[in-house]
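# Got a sequence here, can you model it:
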Amino acid sequence: MNQSVLTRFDHEIAQQGARISSALNVLRMQQYPPDARKGLRKFQIAEVADLIGVTQSHLRQLHTDGKGPEVEVNAGRRYYSAEQMLDLREFLEANKKSDKRIYVPHRRAGEGTQVISVVNFKGGSGKTTTAAHLAQYLALTGHRVLAIDLDPQASLTSLFGIQPELDDTESLYEALRFDEERKQITDVIQRTNIPGLDVVPASLLLQEYEYDVPLAISGKKGDEGRQFHLRIVNALKQVDPNYDVVVIDCPPQLGYLTVTALMASTGILITIHPQMLDIMSMSQFLQMLGGIMTSVADAGAEIKVKWFRYLVTRYEPTDIPQAQMVGFMQSMFAQNMLQNHVLKSTAISDASIRKQTLYEVERSDFVRSTFDRAMESLNAVNGEVARLIHATWGRK
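Below you'll find the model as predicted:
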């Protein structure tokens with residue numbers, strides 16, 4: 001009798017999962033016809049000026065002089081595609097004289113690829129939202145970016161318009177596995193709707209890595225297993241010339257996947273929602289993380305981390321308890337906190353319902369003050385991280 005109930009339960013759960021997946025695919029087809037692939041809106045001149053780092057009047061003068069890429073003009077307003085923004089960067093870089101600004105911020109000889117892991121032990125801290133917006137911002141500001149979804153739940157993958165159970169996608173697991181079926185990371189990289197930004201999707205198969213590592217350590221591949229922390233490092237070597245920055249969305253647990261990502265990282269962003277329970281959880285996470293990384297380092301592994309920062313997310317400045325929690329954190333380690341915070345915003349949450357980020361949605365679809373406030377906070381945070389990346393390269 002009990003077995004029969006369990007069987008019915010198993011079947012019902014599987015059927016409901018399939019129904020949800022099918023319904024999501026229908027919504028995706030309706031939102032991104034005809035092939036369910038995401039497109040990208042065009043950007044107004046104010047956004048372009050802000051992302052490139054020039055004035056609007058300078059851009060208008062270029063168009064008046066017939067210089068730079070030709071762009072769409074509608075009702076007197078100029079609209080740029082993401083590709084045209086890249087062309088504009090190339091033009092400004094090639095034609096600058098005394099201007100010391102860098103319009104094409106690709107890394108140069110001697111500047112290593114920066115690998116930024118976004119981590120937290122607790123779900124709901126805004127980790128995936130942070131990783132998605134950071135990767136897109138870096139690409140829109142001219143960097144060559146690879147986003148890696150390392151969470152088997154595949155939330156970042158979904159934000160990029162991919163349904164792993166339907167799109168027959170492969171994950172980074174294929175480049176990490178220990179058997180003869182291991183592939184090159186180039187076999188699992190996909191392009192996104194933003195030029196300069198590629199993605200390695202996630203799938204449930206990533207969870208297998210958590211079981212493979214201890215088996216490899218104790219089995220015939222013991223030496224290879226004990227070097228598990230180098231598997232992402234080695235995978236990224238295959239595409240090192242192609243990217244300036246790698247952004248990794250880690251799973252909300254401190255397992256082998258997260259440790260492998262952290263040992264490849266040059267920078268770490270720890271997202272934190274400023275609530276007491278979240279900070280208590282983070283306390284345990286940090287102690288466990290420090291202990292594990294110390295053990296790995298004592299075994300001879302190289303820790304490449306140049307900086308780590310705490311990022312306050314979903315912040316409501318008028319919420320007094322939240323403000324107190326932020327003050328509590330700043331009093332202990334101000335030097336390791338990002339100065340800017342991601343504000344809690346209905347614009348960000350409403351965009352995610354559409355499987356989009358704030359960089360993808362139309363400003364006109366929201367209350368403008370709400371959209372602008374959220375965008376300002378995101379750009380401030382992402383710009384601060386970009387400056388940390390450039391500082392690591394030795395740029396002023």
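
# Would you map the strands across this structure?
43-44, 72-74, 77-80, 114-119, 145-149, 190-191, 197-200, 245-249, 267-272, 307-312 (DSSP state E).

# Ok, which of those strands comes nearest residue 211?
strand 145-149 (19.4 Å; CB to CB). Every C-beta, even on glycine, is put in place using the N, C-alpha and C of the backbone.

# Would you mind writing the CA trace of that closest one as CSV?
Only the C-alpha atoms of strand 145-149 are listed here, as CSV (Å, rounded to 0.1, in the frame of the first residue of the first chain):
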residue,chain,number,x,y,z
VAL,A,145,32.6,38.3,-20.9
LEU,A,146,31.9,34.6,-20.2
ALA,A,147,29.1,33.9,-17.7
ILE,A,148,29.1,30.5,-16.2
ASP,A,149,26.0,29.1,-14.4
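
# sorry, back to before: just put the strands of the chain in a markdown table and tack on distance to residue 127 and mean neighbour count.
Formatted as a markdown table, the strands of the chain follow (distance: least, CB to CB, whole Å; neighbours: other CB atoms under 10 Å):
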| stretch | distance to residue 127 | mean neighbour count |
| --- | --- | --- |
| strand 43-44 | 26 | 18 |
| strand 72-74 | 36 | 10 |
| strand 77-80 | 31 | 17 |
| strand 114-119 | 5 | 26 |
| strand 145-149 | 11 | 28 |
| strand 190-191 | 21 | 13 |
| strand 197-200 | 16 | 25 |
| strand 245-249 | 6 | 29 |
| strand 267-272 | 5 | 24 |
| strand 307-312 | 9 | 20 |
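
# If you average pLDDT over each of these, which is lowest?
Mean pLDDT values for the strands of the chain show the minimum at strand 72-74, a mean of 83.

# Using TSV, lay out the strands of the chain together with distance to residue 53.
TSV is the format used below for these (distance: least, CB to CB, whole Å):
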stretch	distance to residue 53
strand 43-44	14
strand 72-74	22
strand 77-80	15
strand 114-119	19
strand 145-149	18
strand 190-191	26
strand 197-200	19
strand 245-249	18
strand 267-272	22
strand 307-312	22
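
# between those, which gets nearest to residue 92?
strand 77-80 (13.1 Å).

# Output the contacting helices and strands for that closest one.
strand 43-44, helix 45-52, helix 56-64, strand 72-74 (3 or more CB pairs under 8 Å, 6 or more residues apart in numbering; DSSP states H and E).

# The shortest one: partners in the sheet, and parallel or antiparallel?
This points to strand 43-44. Applying DSSP bridges, strand 43-44 is found paired with strand 77-80 (antiparallel).

# Show me the contact partners of the strand it pairs with.
42-45, 48, 59-60, 63, 69, 71-73, 88 (CB atoms under 8 Å, 6 or more residues apart in numbering).

# What is the neighbour count of residue 112?
Using other CB atoms under 10 Å, residue 112 has 13 neighbouring residues.
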